[in-house]
Structures are given as C-alpha cells and as structure tokens.
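Colleague: Need a 3D model of the following:
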Amino acid sequence: MEENITIYISESNKGEEQIIINKQYKFNFSHSRKDNSRVYKCTEYKKNNKCKSFIILNNEKEILKYESLHNHPGNEYSVSLSVMKHKIKDEIKKHSNPFDIKRKRLYNEISKEMGFIYPCPEYISVKTLILKSINKKLPSNVTTFNEIPNESEYYKTERNEDFMIFKNSDLVIFQSPFQAKLFKKYNNDIFVDGTFYIAPKFSQQVFITRTYVKELNSISKAVKKIFPNINIKYCIWHYKNLLEIKKNELCRNEVNDDEKIFNYYKGISNLPFINPEYIMDIFSLIKTKSIEKNSCQFLKFLEYFYETYLIGYDMKSWNYYNNIEHITNNASESLNNSLNKLFPMKPNFYELINKLKEQEHLSYYDY
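Modeller: Residues are numbered from 1 along each chain as shown. Just a heads-up that it's a prediction; the model follows:
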C-alpha cells in the first residue's frame, strides 16, 4: 500500500458517498463486506479505462486496503469540481432559510477556501448545481390560491413574530406587530399601491400598504369588508390616466379636433377638485352641450364616466375638494418599483414573502 495517502470524503452526483485519494482519484461506493467495512471502486471502473483500483475503509474511515492499479492519469480538476460541489451542497444544507443564500458569494467563499489546495472550477460550472441544491430546500411552490397554507415557518419575521394576519378565499394580508403599531399610531393617511409584476403567477396583484390608491372598485369593496371604517381615496394620476385611455379609445378625434369638446373633456378630468355639490350639475351641463353639438363619440365617453365614477364609485373616494394633501401615490409606487427590481421574473409565493419580510426588517431598524 502506498505511503502518505491523503483521503477526503466527498459526494457523487447521485448524492452517494465518494472517496478522494491524493487529490487525484475518485472512488464511488461499491458494496459492504461482512465485517461492515466498505469497498469503493475507482470512478473509471465502468468507463473505457476499466480501472481495477479500489479502496477498503472501516467505519472510522481508516484505510484497510488500497489497490492502486490505476491505468489512467489522475485528474485534479475533476476532483476539485467534485469537492466544490460537495462543499456547496453541505453549506446549503446548513442554511435554515434557502432564500438568504447568495449564490455567487457562496461560490466565492468556497473557492477561496479551496484555492490553497485545488485548482478552482469556474462559477458557471457549478451554477446549475447551486440552483438545484437551493431548490431542493425550498418548500413546494404554491400554484393556486387555495394551496396557500394557514400556517408556515415562513410566516415568521426575523424577530419570530407572526407575519400573516388574515387569509380568506381571495385575499392574504401580511403585517408584523411592528407595522400594526405604526398603522395604529399614524392612521390619518393610509395609502396603497398595487403591482402586477411581483405577484405570483396564480394571483392578480400585490398591494403594498404605505400610501393609498385604488382604481379597481372590486378591490376597494374587498378592502371595505375587512376595514369597514377606512377612508379610501383614489390616486389623481391614475384617475386622469384612466380617463385618457378611455378618451383615446372612444372619442380621441372629437376631443382633438373640437376646442369646445376638448374643454369639456378637461372639465371632466378636473372634477376631483370641484365641490361635490356641483359635480352633477356640471356633468349635466357638459352632456347637454355635447348633445347640442351632436358629439356622438364624446357622449359615449360621458356615458362611461357616468356609469363608472358617478354610479359605480363613491364620489368621495375620488374627490379631493378641500383635501389635497395627498392626491397621488408616488411614495407607494417608488417602493413597488424597488420591489420589482428585486425579481428578474415573477417570484414564487415563498420567495415573495421572504422579500417582504426583509423590507419589514429594514423598516424596523430604520424606525
């Protein structure tokens, strides 16, 4: 048997124990003997080389026998790749929260450690392995709203406090005790903005409660059911933007070509700043004048406005007369934009929750 044999315990691609000898040769487990010692054969045994080298270890991983019959040169790079993969898997297993694993940082730390002994593989050669290893630690992804669990270890903040406070068939609310304290203390103006981008595929939107805006009446009704005393105010920018979209769809030519119709349209778009006592009278006057001008396209727009904002919505929710302190949701949209940049694509349910908890934790210490 050779002198000065160095041995390292690693892992094969199938997750089975692998023995590395002298930083050159890899041996996979073959079988156990009656005395419980274990036989490992060179990884080239089933390849073209048909290498007959083997090693026998006892339970303490001490070498009982080593037949060095290699008919092929050692491969230090292949060995280093196996060692790195094993170290990566081992480090990932130690993490309690797989979402906190920084893949490139993990690689850099291990490569630095290995650089003194092995030639270090490039990041691209182990990137897929890192992703697979992390995914194995993740909980099963939620694909429908009904699959969202009522309880989960991921519903705990960094301070081990409950994060999910409400769940029904179509709405889930996450709020920490710290955030609830802020809402209780600073509740004069509560605004919300929704984003489609970071919503998991099975859901519609994620609403971040920071400042409040709503252009979807169905969501407003849902919020009202949960917070019956809340005062909902819609964002002026969204109000005007939605009117602009509808104008372009229904009556763009009439508005652009007729100065009076253009002024009527501007009048409608500025109704949020008019005393609500006069809004119906102003609307009726504009409609009468439009009928006299036979502005059929603009009349369709007025019909849309009437059904949507005068009938479908509570006028108080989009009127800011004597209350113009908050008329847009820029602060909330800026937060949503920053969240959007955190995800290269739509996140899964638990990935989103983890990022929301990170933001909560940062706010806690900023406060």
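Colleague: how long is stretch 163-182 end to end?
Modeller: 15 Å (Cα to Cα, to the nearest Å).
Colleague: Run through who's touching that stretch.
Modeller: Stretch 163-182 is contacted by residues 145-146, 148, 150, 152, 155-157, 159, 161-162, 183, 209, 222, 226, 353, 356-357, 360, 363-364, 367 when judged by Cβ atoms under 8 Å, 6 or more residues apart in numbering. (C-beta placed from N, C-alpha, C; glycine too.)
Colleague: what are the C-alpha coordinates of stretch 239-249, in PDB please?
Modeller: Extracted in PDB, the C-alpha atoms of stretch 239-249 (Å, rounded to 0.1, in the frame of the first residue of the first chain):
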ATOM      1  CA  TYR A 239     -57.800  58.800 -12.400                       C
ATOM      2  CA  LYS A 240     -56.600  61.100 -15.200                       C
ATOM      3  CA  ASN A 241     -54.600  58.300 -16.800                       C
ATOM      4  CA  LEU A 242     -57.700  56.000 -17.000                       C
ATOM      5  CA  LEU A 243     -59.800  58.800 -18.400                       C
ATOM      6  CA  GLU A 244     -57.000  59.500 -21.000                       C
ATOM      7  CA  ILE A 245     -57.000  55.800 -22.000                       C
ATOM      8  CA  LYS A 246     -60.800  55.800 -22.400                       C
ATOM      9  CA  LYS A 247     -60.800  59.100 -24.300                       C
ATOM     10  CA  ASN A 248     -58.300  57.700 -26.800                       C
ATOM     11  CA  GLU A 249     -60.500  54.600 -27.200                       C
END
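Colleague: Could I get the buried residue list for that stretch?
Modeller: For stretch 239-249, the neighbour count (16 or more other Cβ atoms under 10 Å) marks 239, 242, 243, 247 as buried.
Colleague: Would it be right to say that residue 234 lies in a strand?
Modeller: No. Per DSSP: H, G, I helix; E, B strand; the rest coil, residue 234 lies outside any strand segment and is coil.
Colleague: how about low-confidence regions in the stretch 251-367 of the chain?
Modeller: Applying pLDDT under 70 to the stretch 251-367 of the chain flags residues 322-344, 366-367.
Colleague: Could you verify that residue 49 is part of a strand?
Modeller: No. Judged by three-state DSSP, residue 49 forms no part of a strand; its state is coil.
Colleague: With adjacent residues omitted, what lies nearest to it?
Modeller: Distances taken as Cβ to Cβ, 6 or more residues apart in numbering put residue 72 closest to residue 49, at 4.5 Å, once the chain neighbours are dropped.
Colleague: Make sure that neighbour is indeed in a helix.
Modeller: No. Read with three-state DSSP, residue 72 is coil and lies in no helix.
Colleague: need the contact list for it.
Modeller: Here residue 72 is in contact with 44, 49, 51 (Cβ under 8 Å, 6+ apart).
Colleague: Could you do residue 141 as well?
Modeller: Counting by Cβ under 8 Å, 6+ apart, residue 141 has contacts 348, 349, 350.
Colleague: try it again with 10 Å
Modeller: 135, 147, 200, 201, 202, 347, 348, 349, 350, 351 (Cβ atoms under 10 Å, 6 or more residues apart in numbering).
Colleague: From the contact counts, what lies against the helix or strand harbouring the last one?
Modeller: Assigned by DSSP states H and E, residue 351 falls within helix 349-366. The criterion is 3 or more Cβ pairs under 10 Å, 6 or more residues apart in numbering; DSSP states H and E, and the helices and strands that helix 349-366 contacts are strand 172-174, helix 177-185, strand 206-210, helix 330-340.
Colleague: List the buried residues of the first one.
Modeller: By neighbour count, with 16+ other Cβ under 10 Å as the criterion, the buried positions of strand 172-174 are residue 174.
Colleague: That one - what's its average pLDDT?
Modeller: Strand 172-174 comes out with an average pLDDT of 90.
Colleague: chain center to it: distance?
Modeller: 15 Å (Cα atoms, centre = their mean, to the nearest Å).
Colleague: Partner strands of that strand, with direction?
Modeller: strand 164-167 (antiparallel) (DSSP bridges).
Colleague: list the buried ones in stretch 35-52?
Modeller: Of the residues in stretch 35-52, those buried (16+ other Cβ under 10 Å) are 38, 39, 40, 41, 42, 43, 44, 45, 51.
Colleague: try stretch 136-144
Modeller: Neighbour-count burial for stretch 136-144, counted by 16+ other Cβ under 10 Å, picks out residue 142.
Colleague: and if you look at stretch 257-265?
Modeller: So for stretch 257-265, counting by 16+ other Cβ under 10 Å, buried means 258, 261, 264, 265.
Colleague: Now do the same for the last one: helix, strand or coil?
Modeller: Going back to what we said before, that points to residue 265. helix.
Colleague: ok, it touching residue 257?
Modeller: No. In this structure, residue 265 is not within contact of residue 257 by Cβ atoms under 10 Å, at 12.0 Å.
Colleague: Strand partners (parallel or antiparallel) of the strand ranked longest in the chain?
Modeller: In the chain, taking DSSP state E as the definition, the longest strand is strand 25-32. Next to strand 25-32 in the sheet, as set by DSSP bridges, lie strand 17-21 (antiparallel), strand 38-42 (antiparallel).
Colleague: And that strand, what's buried?
Modeller: Buried, per 16+ other Cβ under 10 Å, within strand 25-32: 25, 26, 27, 28.
Colleague: What average pLDDT does that strand get?
Modeller: If you average the pLDDT over strand 25-32, you get 92.
Colleague: who's in contact with it?
Modeller: Here strand 25-32 has contacts from 7-8, 10, 12-14, 16-21, 38-46, 51, 53-57, 66, 68, 70, 72-76, 78-79, 81-83, using Cβ under 10 Å, 6+ apart.
Colleague: if I pick residue 157, what's in contact with it?
Modeller: Counting by Cβ under 10 Å, 6+ apart, residue 157 has contacts 163, 174, 176, 177, 178, 179, 356, 357, 358, 360, 361, 364.
Colleague: Perfect, that will be all.
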